[in-house]
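Chemist: sequence-free structure coming up:
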């Protein structure tokens with residue numbers, strides 16, 4: 001029997017994709033927002049495709065705000081974009 005692939009919905013484009021094809025954005029207990037490259041850290045997670053467009057779309061349609069039920073300042077999005085660039089460079 002084939003193993004079930006865990007699917008997650010992108011907060012940018014709304015597509016369902018395998019967990020391994022997505023980036024996890026994490027809200028920690030201290031309300032910090034960061035990229036979780038391992039997918040194993042504790043906290044509330046939201047998933048976004050590994051593309052810059054989806055991150056920008058999530059910013060525009062307030063996908064992160066809805067997922068985390070909190071206001072997200074612009075500098076957090078800037079930080080996420082920089083972390084995204086670092087991962088793409090690897």
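Modeler: Alright, I've got the coordinates. Bear in mind the structure is a predicted one, so any value in this text is a computation, not a measurement.

Chemist: per-residue confidence at residue 89?
Modeler: In the prediction, the pLDDT value recorded for residue 89 is 68.

Chemist: same deal with residue 13?
Modeler: In this model, residue 13 is scored at 94, pLDDT.

Chemist: Helix, strand, or coil at it?
Modeler: coil (DSSP: H, G, I helix; E, B strand; the rest coil).

Chemist: what's the closest non-adjacent residue to it?
Modeler: Nearest residue to residue 13, sequence neighbours excluded (CB to CB, 6 or more residues apart in numbering): residue 54, at 5.3 Å. Where C-beta positions appear, they are placed from N, C-alpha and C, glycine not excepted.

Chemist: The one you found - how many residues pack around it?
Modeler: If you count neighbours by other CB atoms under 10 Å, residue 54 ends up with 22.

Chemist: for residue 10, same thing?
Modeler: Residue 10, neighbours per other CB under 10 Å, totals 23.
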